[in-house]
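**Student:** Predicted coordinates and the sequence they were generated for:
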Amino acid sequence: MGRVDRGSRTACLGENLSRFATLSHMNRTPAHRRRRTLLAVRHILGWPALAVFVALVAVWTVLGFAPHRAEGLPGVLADLGEPDAWWPIAALFAAAAVGILCLGRHDGLRIPTSTIVLGVFGVSAAILGIAGYWPCSGDESPGWTPLRRTFDLFGGTLDLPFGKVDGCPAELPLGLQVARLLALATIVILAGGVIAVIFRSTVSRVRARLAREIVVVTGLSPETVGMVRHIRDSATDRRRLVVLETGDDVAALARSLGVLVVPVDTSDPTAVRRFLSGRSARAVAGLYFLSDDSAANLRTMSLFLAALPESSRPSEVPARIVVRIDNPWIAENWRRTHLAAHPGWLVEATSTYEVAARHVVARLRATATTIVVTGSSPFELGVLQELSFDRRVATALGVEIAPLTVVLGGTQSDEVALHLRRQLQRLEIEEITVDLSAPGRSLIELMGSGDHRALLLSPDAGADATFLATVHPEWAIFAWDPSVRGITTTPLIGELTLVGPTLEPVSGQGTDVWEWFGRIAHAQYLDTWNGGGPTPGDPNRGSWDGDLSAFARESNIRSFAALLRNASLVRARWANQWDVDRGTIAELTDVDLDTLARAEHLSWVRHHEENGWKFGAVRDDRRLRHPDLVEWNALTDDARAKDVDSVRATLALLDILGFRLVRE
C-alpha cells in the first residue's frame with residue numbers, strides 16, 4: 001500500500017471498532033458482485049455451448065437411424081451428413097470445451113467435473129454408436145448387433161459393414177466417426193482417472209513441491225473445516241493449501257475442499273524433513289497445527305521449526321504458525337508468551353472455545369452489560385476473555401462502553417468465584433467486575449427481566465437449558481453443546497442459542513490475531529484517507545475480503561512483524577503483563593522512536609521491492625512506482641513523521657493485546 005496507509009492509525013480506530021461488523025459486511029459486497037458477474041458470464045457462454053453440443057449429438061443420432069434424411073438438410077447443415085466434413089467435429093469438441101470450462105466448477109457441486117465429462121462423453125458415444133450401426137444389422141439381430149458393435153467401438157475396434165449390407169450407408173457416417181472419437185476420449189479420461197487414483201498421493205506431493213507457496217495444515221476435522229475453508233478461499237493463485245493426513249476419511253474430507261492431500265507422519269522427524277526437503281522448505285507460507293491434541297500440535301510445531309530454523313521464505317511478512325490449544329486461558333497464556341518468541345515467524349494460538357466465544361460476543365456486542373455464568377468452564381471463560389478483549393480495545397481508544405459485570409448464579413461456591421476473579425486479574429481484565437455475593441442467589445433473581453443480561457450455561461452447570469428457555473423465554477441464554485458446530489443462527493426455544501466447538505472464523509475477523517490487526521489497520525486507513533468505506537475494484541483501497549490485493553493485506557500486517565523483530569534495536573524486549581516485573585517498562589525516547597522508525601522504513605522499502613515496486617517521482621499504483629522508495633536521509637520531513645506515527649500506532653495496538661517493551 002502507499003505511504004499514507006501507515007500513519008495516524010489510532011485517530012478513528014474507535015469508531016471503526018464500533019461499526020466493525022457492519023463494515024466487514026459491506027466489504028464483502030464488491031467481491032460478491034464480482035463473483036456474480038463472473039458466474040453470469042460463465043452461464044452466458046456455458047449453456048449455449050452445451051446446447052450446441054446436445055443439438056449436434058441429436059442431429060447425428062437422427063441421421064444415424066435415418067441416413068436418407070441427410071439429403072434434406074439445408075445450407076451448412078448438409079455437412080453434418082458428409083462423411084468427410086471436419087468442421088462439425090471441431091465445433092462439437094469446441095462446444096464441449098467451453099461448456100466444461102464455464103459450467104464444470106460450481107460451488108456446492110459434489111460430483112467431480114471429470115466424472116460428469118466421462119458420463120456425457122460415454123453416453124453420447126453409445127447413443128451415436130447404436131444409431132450409426134442400426135441400419136447395418138442386415139440379417140442379424142437389429143437390437144443386439146448395433147449394441148455389440150458399439151461395445152467394440154469402446155474397445156478400440158471399428159466394424160465396417162458400410163456398403164456391404166442392404167440399407168447401410170456406402171461410407172462411414174460422420175456421426176459414427178464422432179462416436180469413435182468420443183469413445184476414445186472416454187477411455188482416455190477413464191484411464192487417467194484410474195492412474196490419478198492409484199498415484200494420487202504421489203501427484204499431490206509433486207504438485208506441492210512445485211508450488212510457489214504452500215500453506216501446511218494438520219488436524220483436519222469437522223471442527224476445523226471452517227478455518228481450512230477460510231484459508232483456502234483467502235489464498236492467492238500462487239499459493240497451494242496442503243493437508244498432511246494419513247487417514248482415508250480425513251483425506252476424503254480434504255479432497256472435498258479441493259486441497260492437496262499428502263500423507264505424512266507428522267510425528268516422525270525424518271518424514272517431516274523429507275517433506276520439507278528441496279524447494280518446499282522455501283515455499284512454506286503458513287503452518288497450521290489444528291489437531292484436538294494440543295501436546296501433539298506443539299510437538300509437530302517443534303519438528304517443523306527444527307526442519308525450518310529460519311523463516312521459510314525471505315520476506316518482510318514472515319510465514320504464519322497457528323497452533324490449536326483448546327483451553328482458552330492456556331491458549332491466551334501461550335499466545336502472549338510466544339508471540340515474539342520465534343523471530344521470522346508470526347506465531348498465534350487458536351482455540352475452538354475462543355472462536356465459539358467470538359461468535360457469542362458478536363451477538364452480545366452492545367446488548368448486554370451483565371453476564372450471568374453458572375460455572376468456570378472453558379466456554380464461559382472464553383466468552384469473558386473475548387468480551388474483555390473487545391472492550392479493552394475500545395476503552396483504550398476512548399470509546400464509551402457500559403461497564404461489564406459477571407455474576408455467578410446457581411449453587412456455585414465462593415471458591416469458583418475466587419478462581420474466576422484471579423483468572424481475570426492475571427490477564428488484567430479489569431473492566432469486568434465479579435460479584436462475589438452471587439453464589440446461592442437464584443437465577444430468577446439474578447436475571448430479572450433479562451434486559452441487558454445474558455446467561456451462559458456449560459454442560460456441567462446442572463441446569464436444563466431447554467427447561468429454562470421454556471419457562472423464561474425472555475432470557476438470552478447461550479448454552480454449550482459439544483454436538484453443535486459453532487452457533488445456531490437463530491434462537492431455538494425462546495431466546496436459547498446453542499454453541500459448540502468450532503474454528504469457523506467470525507465474519508470480518510479472520511483466523512488469527514495478525515489478520516485481525518491487519519483488518520483494523522486497513523479499516524482505519526479507509527476511514528482516514530478514503531472517506532470511511534472501500535472503493536470497489538481498487539486493489540489498495542478495496543474491501544479486505546474482496547478487492548484488496550494480497551500485497552495490500554500483507555502491508556497492513558508487516559509493520560507489526562517488523563516492530564516485534566526490531567525491539568532489540570532499542571535495547572528492549574517484549575514481555576506480557578505478568579512478566580513486566582522482570583524489567584522496567586520502556587519509556588521510549590525520541591532517539592528510540594527515530595531508531596524504530598528508520599527500521600520500519602527499511603522494512604517498508606524491502607517489502608515493496610519484494611513485490612516489484614520501484615522509485616518514481618510520482619506515485620503510480622499501476623506501474624508500481626513510489627517516491628518514498630529511497631533511503632531514510634532522502635525522505636521528506638512529512639514522510640519521516642508518518643513513519644514515527646506508524647511506530648507509535650503499532651506500539652499502542654500491541655499494548656492493547658498485552659505486550660509491553662521492557663528494558664533488557
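**Tutor:** In hand now; what should we look at?
**Student:** can you map out the strands along the stretch 451-600 of the chain?
**Tutor:** Ranges of strands within the stretch 451-600 of the chain are 453-457, 476-480, 496-499, 572-576, based on DSSP state E, counting those that start in this stretch.
**Student:** Mind giving me the packing neighbours of the shortest one?
**Tutor:** Judged by 3 or more Cβ pairs under 8 Å, 6 or more residues apart in numbering; DSSP states H and E, strand 496-499 is in contact with helix 352-364, helix 465-471, strand 476-480. (Glycine included, C-beta is placed from N, CA and C.)
**Student:** pull the CA atoms of the shortest one into PDB?
**Tutor:** This file holds the C-alpha atoms of strand 476-480, laid out as PDB (Å, rounded to 0.1, in the frame of the first residue of the first chain):
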ATOM      1  CA  ALA A 476     -31.000 -14.600  26.500                       C
ATOM      2  CA  ILE A 477     -29.400 -18.000  27.100                       C
ATOM      3  CA  PHE A 478     -26.200 -19.300  25.500                       C
ATOM      4  CA  ALA A 479     -25.700 -23.000  26.300                       C
ATOM      5  CA  TRP A 480     -22.600 -25.100  25.400                       C
END
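**Student:** so for it, what's the average pLDDT?
**Tutor:** Regarding strand 476-480, the rounded mean pLDDT is 91.
**Student:** That one packs against which elements?
**Tutor:** If you count contacts as 3+ Cβ pairs under 8 Å, 6+ apart, strand 476-480 packs onto strand 453-457, helix 465-471, strand 496-499.
**Student:** Quickly run through the sheet partners of that strand, with directions.
**Tutor:** Looking at strand 476-480 with DSSP bridges, its partner strands are strand 453-457 (parallel), strand 496-499 (parallel).
**Student:** my guess is residue 264 meets residue 273, correct?
**Tutor:** No - with contact defined as Cβ atoms under 8 Å, residue 264 and residue 273 do not form a contacting pair (10.5 Å).
**Student:** quick one, which of the two is more surrounded?
**Tutor:** In this view residue 264 and residue 273 are compared by other Cβ atoms under 10 Å, and residue 264 has more residues nearby, 21 against 15.
**Student:** Could you state which residue of this structure sits nearest its centroid?
**Tutor:** By Cα atoms, centre = their mean, the chain has its centre lying nearest to residue 230, at 1.6 Å.
**Student:** Pull the contacting residues for that one.
**Tutor:** By Cβ atoms under 8 Å, 6 or more residues apart in numbering, residue 230 lies in contact with 504, 505, 510, 511.
**Student:** Among these, which one lies nearest to residue 591?
**Tutor:** residue 510 (35.6 Å; Cβ to Cβ).
**Student:** and the closest one, how many neighbours?
**Tutor:** Count around residue 510 with other Cβ under 10 Å applied: 22.
**Student:** what's the helix or strand for the residue nearest to residue 96 when sequence neighbours are not counted?
**Tutor:** Computed as Cβ to Cβ, 6 or more residues apart in numbering, the closest residue to residue 96 that is not its neighbour in sequence is residue 53, at 5.3 Å. Per DSSP states H and E, residue 53 falls inside helix 20-65.
**Student:** Would you quantify the distance from residue 215 to residue 285?
**Tutor:** For residue 215, the distance to residue 285 (Cβ to Cβ, to the nearest Å) stands at 6 Å.
**Student:** what sits in contact with each of those two?
**Tutor:** Here residue 215 and residue 285 have residue 239 as joint contacts, going by Cβ under 8 Å, 6+ apart.
**Student:** mind listing the helices for the stretch 501-650 of the chain?
**Tutor:** For the stretch 501-650 of the chain, the helices defined by DSSP state H, counting those that start in this stretch occupy 513-529, 550-565, 590-610, 637-657.
**Student:** Averaged pLDDT, the shortest one. What do you get?
**Tutor:** So that's helix 550-565. Mean pLDDT, helix 550-565: 85.
**Student:** From the contact counts, what lies against it?
**Tutor:** Applying 3+ Cβ pairs under 8 Å, 6+ apart, we find helix 550-565 packed against helix 513-529, helix 590-610, helix 637-657.
**Student:** and what of the third one?
**Tutor:** Where contact means 3+ Cβ pairs under 8 Å, 6+ apart, helix 590-610 is packed against helix 550-565, helix 637-657.
**Student:** Mind listing residues that contact the first one?
**Tutor:** By Cβ under 8 Å, 6+ apart, the surrounding residues in contact with helix 550-565 are 1, 5-6, 236, 316-318, 339-340, 343-344, 346, 514-515, 517-519, 521-522, 525, 539-540, 544, 574, 596, 599-600, 603-604, 607, 611, 646-647, 650-651, 653-654.
**Student:** run the last query once more with 6 Å
**Tutor:** The contact list for helix 550-565 (Cβ atoms under 6 Å, 6 or more residues apart in numbering) reads 1, 236, 316-318, 340, 343, 346, 514, 517-518, 521-522, 540, 600, 603, 607, 611, 646, 650.
**Student:** quick one on the thing from earlier: redo the helices and strands packed on helix 550-565 as JSON lines? Include mean neighbour count.
**Tutor:** Listed next are the helices and strands packed on helix 550-565 as JSON lines, based on neighbours: other Cβ atoms under 10 Å:
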{"stretch": "helix 513-529", "mean neighbour count": "22"}
{"stretch": "helix 590-610", "mean neighbour count": "18"}
{"stretch": "helix 637-657", "mean neighbour count": "19"}
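**Student:** Worst mean pLDDT among those?
**Tutor:** Among those, helix 513-529 scores lowest, at a mean of 78.
**Student:** Tell me what angle it forms with helix 352-364.
**Tutor:** Taking axes from the mean of the first three to the mean of the last three Cα atoms, to 10 degrees, helix 513-529 and helix 352-364 form an angle of 30 degrees between their directions.
**Student:** which two from the contacts of residue 230 end up farthest apart in space?
**Tutor:** Maximum distance among the contacts of residue 230 (Cβ to Cβ): 11.7 Å, for 504 and 510.
**Student:** isn't there a helix covering residue 662?
**Tutor:** No - according to DSSP: H, G, I helix; E, B strand; the rest coil, residue 662 belongs to no helix; its state is strand.
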